[in-house]
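*Asks:* no letters, just coordinates:
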């Protein structure tokens, strides 16, 4: 099959040390050959042996673009099983984009996201579940996510999913055999057993999903939103964490009218911090928009940092904020410990349960260490390098788990609504199918086989 | 050899439950049809259990009836006991089952056949299929059917042939060491047709099934058994039977159990069982295991149920449900006599296993036509299914499609979201069936929509368009549909207030009070209430028939679930609609696992949906296929 040639930047597009532009397809070597020049111009990439690396330059016409190493790998022993050339260049957004641009103008097109892996998969190089794990691997931003992807390849997730699936199948088979052969198999008294089991499986699925949240957060960063009344010290906190003065910090209430976003790392954990405008009733139109946005961001956040000016008594606006974030993971910072303290910890814990309250002074940089420790503790139970937990890092897997979880909830609803037994097996089957997608297994004749092997049918 | 030569439209080979439906469908569509049988006395014979319907099989009969088939009407004329199964469960799994007077059933069906215009009955064994090679390529077809030849040398030229040979092909009956080369019930086997099929390139397989003994009623002590009576109010199978006509006096069935002594005898004699001794080569069904299978496979079970069922009103034969066997006759008698009530039983007929030739059903299109032989259709046990109802359902579809084929019209394929019949046929043609296929409710993914109570609403139109349902019948279903829809709409629109009178009414009905105004539909949706129960607070309602009310209750009560299934059906149809180009070369798709590639090559599915249901094709393979088709399409678009 003739394939067109694709190219893309294979490393993260950031100002890093080294960048890689990958080209794959029938004309990969030809294209690379056209733009590559060896030091004395004597070497043509089209003539070199496969799986060799060559020092030289990339030229855009007559203009030198960068000093590079070109790796030539011919089919079939390559990632995509097609001809592949990788150009290792200096890192840096500008340089990588320019080289990619040159490559594209010499006869190929930009790869779609994941297309190398798709081709690898299409050409028989890897199966689907591994392709996805590889994709995760590429995008993994820190050590932990990498470890999780590797574990996924080893099948820790599939083992867990498999055993839950088996349990579900047994229950479906029991219900179905009773429906198919009501004169031989009775469902009397079955409900309690099913309910108990459903609750347990639901709990286990939830646990897996929670791990998925952790996994995703490790890879993409935790979405953290800083909220609080105007002038409580939100922007000061952000500046402390970020380490420069991107947020304007003044003492006039309502300075941060929109939202500011920053990415930082705390002990290897990515935090995407959104500093919001202070939340309060306001007549100012621009500020109003900012306040609305703050509410919206708070709604979608993984973690809320609620900054309270502990030198002023709590008021109506504080109550409103606390109501808004009641069902979130929240760390409350009682800020401005450098001033006289009016707000006590009890004032907070009396209104919100399950929050961590820390006293800080953004002015004097106190309490920030404890804040960082708390962030870690909240998400990883104190340590990042948890070894025995199973983590889901793949979005598709997480969705399938969520679906299975929802199906189990529907089973519980049906039991609560006193629906007849045949309704349970419908949702149980959905859960079974959803979980099957994670480990790449079809439903097929599983149920029929289970029925016949576990239950004695009539005639 | 010279012989009679006749020209007809359709030949149907076999007059069992599949053959009868197929022949009637063709004749009713106005085609000159001949139905062949080795014995006219065995038309619509029930050689095994004496009942029609049961879980999911009852659905098949109702669907068949809605499409214009005969089975439902015939059992309504000849049943002697009737029961709606699973009534304590949801409406989707309610299923009718009727005990038949076997002789009457057969006689009544024969009468229908004999009086059907355009239909001729012929007692003769078909020994050869006549076909010619196609000179030009025509899709997947390599040959075209031209007729059949009988044992006496007669040739019937036909444009379509429907094979419904049941268990007769090279049949062999086994009872311990005693083996006869006969069909069911000692009837003559058909020993030639298999060779003709093989020479046409048809791949055969060998299945087995079995039946229990029949006892002399006078030798049974019923006082030691539990009586099983029929329903008080009988629901007919057919949508065109007047329910008042089926409220008859019913006979009873009886329940008893095996015990350790029974099991000991079986275990001690396993070496004399043809299956355990390895004499039987055919594959048997797991869903109706012989008693020796049950005892071996479920060794920890202390007892198994045994149902004693009458074979008819005018015979003393009693069917011993649950104890089919291929053990030798002497072991059978000893084993039966350990069962309470059967201590002194006399066997009229002994139990036996039967082996027969059938086809690998993946050689068929979902229309039930052979992929390689134009005009050749098949149905029933010949296709590897089991059961009277499964056979009849296929027979009807094969008959309808042969008729539509001859008329040059588009053939009918019911999909899995339309009917159990659709599930049945889709399973047969897309799955590797290694044992006789039996319908089961768990096989239907969308069973909340495929209820026995709404088969008419689902399928009457299709039967009407094919010409098997009268205009009057069709219009009455349309009228019913309108009545249901408009009444449901009204119930959603009429609100009742949360006044004292209303609260009192609800309290009387054991329901909780209203906080705000509610629609009548909201009240009906409560588990403890129904359309009938709120009549007193709904003075504006007009009189509706029971079946309309039933639909209203179900649709309102299970609205959430039904909507969810409808959504799933939407998804299903999406992938079902993704067609696979006929010229696809699966060898080019490298990442398909070898097994999947071979399966796809063999089944040649018409859609990605069908491909996804082929055993051995995993979701990963389907992803590969989708990625491939996408890639294929994008390259095609560029060039």
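*Replies:* Good, I have the coordinates. Not measured: the values here are computed from a predicted model.
*Asks:* domain ranges for the chain, per the record?
*Replies:* No chain in the question, so chain A it is. A:6-126, A:152-214+A:392-454, A:219-380 (automatic domain parsing).
*Asks:* you looked at the wrong chain, it should be chain B
*Replies:* According to automatic domain parsing, the ranges for chain B are B:214-354, B:471-565, B:578-638.
*Asks:* what mean pLDDT does the last one get?
*Replies:* It stands for domain B:578-638. Domain B:578-638 comes out with an average pLDDT of 76.
*Asks:* returning to what we had before: mind checking which of the domains of chain A is nearest residue B:255?
*Replies:* domain A:152-214+A:392-454 (8.2 Å; Cβ to Cβ). From N, CA and C alone the C-beta is placed, and that goes for glycine too.
*Asks:* show the average pLDDT along the closest one.
*Replies:* 83.
*Asks:* so is it next to chain B?
*Replies:* Yes. Counting by Cβ under 8 Å from any Cβ of the partner chain, chain B is contacted by domain A:152-214+A:392-454 at A:172, A:176, A:179-184, A:417-423, A:425-426, A:429, A:436-437, A:440-442, A:444-445, A:447-448, A:451-452.
*Asks:* in the chain, which strand is the longest?
*Replies:* All of this refers to chain A. In chain A, taking DSSP state E as the definition, the longest strand is strand A:63-73.
*Asks:* wrong chain, I was asking about chain B
*Replies:* Chain B, longest strand under DSSP E: strand B:126-138.
*Asks:* strands along chain A, start to end?
*Replies:* A:6-9, A:18-24, A:36-37, A:52-60, A:63-73, A:84-90, A:109-110, A:222-228, A:260-266, A:269-275, A:303-309, A:330-335, A:355-359.
*Asks:* mind putting the domains of chain B into CSV with mean neighbour count and distance to chain A?
*Replies:* Shown next, in CSV, are the domains of chain B (neighbours: other Cβ atoms under 10 Å in any protein chain shown; distance: least, Cβ to the nearest Cβ, whole Å):
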stretch, mean neighbour count, distance to chain A
domain B:214-354, 18, 3
domain B:471-565, 15, 6
domain B:578-638, 17, 4
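*Asks:* with adjacent residues omitted, what lies nearest to residue A:363?
*Replies:* Spatial nearest neighbour of residue A:363, chain neighbours left out: residue A:338 (5.4 Å); criterion: Cβ to Cβ, 6 or more residues apart in numbering or on different chains.
*Asks:* and for residue B:201, the neighbour number?
*Replies:* When neighbours are counted by other Cβ atoms under 10 Å in any protein chain shown, residue B:201 registers 13.
*Asks:* quick one: it is in a strand?
*Replies:* No. Assessed with DSSP: H, G, I helix; E, B strand; the rest coil, residue B:201 is coil; it does not lie in a strand.
*Asks:* do you know how far the residue nearest to it when sequence neighbours are not counted is from chain A?
*Replies:* Nearest residue to residue B:201, sequence neighbours excluded (Cβ to Cβ, 6+ apart): residue B:372, at 6.2 Å. When distance is defined by Cβ to the nearest Cβ, to the nearest Å, residue B:372 is 26 Å away from chain A.
*Asks:* report the contact partners of residue B:372.
*Replies:* Applying Cβ atoms under 8 Å, 6 or more residues apart in numbering or on different chains, we find residue B:372 in contact with B:140, B:141, B:142, B:143, B:201, B:363.
*Asks:* what helix or strand is residue B:20 on?
*Replies:* helix B:17-28 (DSSP states H and E).
*Asks:* do me a favour and average the pLDDT over that helix.
*Replies:* Here the average pLDDT along helix B:17-28 is 98.
*Asks:* also stretch A:226-237?
*Replies:* 83.
*Asks:* what's residue B:88 sitting at in phi/psi?
*Replies:* phi -80, psi -10 (degrees, to the nearest 10).
*Asks:* I figured it hits residue B:94, correct?
*Replies:* No. Counting by Cβ atoms under 8 Å, residue B:88 does not reach residue B:94; the two are 9.7 Å apart.
*Asks:* tell me which of the two has more neighbours.
*Replies:* Between residue B:88 and residue B:94, counted using other Cβ under 10 Å, residue B:94 has the larger neighbour count: 21 against 12.
*Asks:* three-state assignment of the most centrally placed residue in chain B?
*Replies:* Among the residues of chain B, residue B:390 comes closest to the average C-alpha position under Cα atoms, centre = their mean, at 2.2 Å. Secondary structure assignment for residue B:390 (three-state DSSP): helix.
*Asks:* do you know the pLDDT at the residue nearest to residue B:201?
*Replies:* Predicted confidence (pLDDT) for residue B:372: 92.
*Asks:* what separation do you get for it and residue B:199?
*Replies:* Per Cβ to Cβ, to the nearest Å, residue B:372 is found 13 Å from residue B:199.
*Asks:* just to revisit the earlier point, checking the nearest residue to the residue nearest to the centre of chain B once chain neighbours are set aside next. Helix, strand or coil?
*Replies:* Distance criterion Cβ to Cβ, 6+ apart; nearest residue to residue B:390, sequence neighbours excluded, is residue B:439 at 5.5 Å. Look at residue B:439: counting by three-state DSSP, its state is coil.
*Asks:* cool, residue B:335 as well?
*Replies:* Using three-state DSSP, the structure places residue B:335 in helix.
*Asks:* so it touches residue B:328, yeah?
*Replies:* No. Counting by Cβ under 8 Å, residue B:335 does not reach residue B:328; the two are 10.4 Å apart.
*Asks:* any idea how far the nearest residue to residue B:365 once chain neighbours are set aside is from residue A:409?
*Replies:* In this structure, residue B:365 finds its nearest non-sequential neighbour in residue B:371, 5.7 Å apart by Cβ to Cβ, 6+ apart. Residue B:371 is 45 Å from residue A:409, where distance means Cβ to Cβ.
*Asks:* quick revisit: how about TSV for the domains of chain B, with distance to residue A:294 added?
*Replies:* TSV is the format used below for the domains of chain B (distance: least, Cβ to Cβ, whole Å):
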stretch	distance to residue A:294
domain B:214-354	62
domain B:471-565	35
domain B:578-638	41
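*Asks:* ok so residue B:210 is a strand residue?
*Replies:* Yes. Judged by three-state DSSP, residue B:210 forms part of a strand.
*Asks:* where does it land on pLDDT?
*Replies:* pLDDT at residue B:210 comes out at 91.
*Asks:* same check on the one 4 residues further on?
*Replies:* The pLDDT attached to residue B:214 in the predicted structure is 98.
*Asks:* ok, now which ones touch it?
*Replies:* Counted by Cβ under 8 Å, 6+ apart, residue B:214 has contacts B:311, B:317, B:318, B:319, B:320, B:347, B:348, B:349.
*Asks:* okay, and the beta partners of it?
*Replies:* residue B:319, residue B:349 (DSSP bridges).
*Asks:* for residue B:57, give me its contacts.
*Replies:* B:95, B:97, B:387, B:389, B:390, B:439.
*Asks:* my bad, residue B:440
*Replies:* Contacts of residue B:440 by Cβ under 8 Å, 6+ apart are A:176, A:180, A:448, A:451, B:55, B:56, B:287.
*Asks:* same thing with residue A:59?
*Replies:* Contacts for residue A:59 (Cβ under 8 Å, 6+ apart) come out as A:35, A:36, A:37, A:65, A:102.
*Asks:* just the pLDDT at it, thanks.
*Replies:* In this model, residue A:59 carries a pLDDT of 91.
*Asks:* quick one: it from residue A:20, how far?
*Replies:* Counting by Cβ to Cβ - residue A:59 and residue A:20 are separated by 19 Å.
*Asks:* so what's the backbone phi/psi at the closest residue to residue B:370 other than its chain neighbours?
*Replies:* Excluding its sequence neighbours, the residue lying closest to residue B:370 (Cβ to Cβ, 6+ apart) is residue B:376, at 4.6 Å. Backbone dihedrals for residue B:376, given as degrees, to the nearest 10, come out at phi -100, psi 120.
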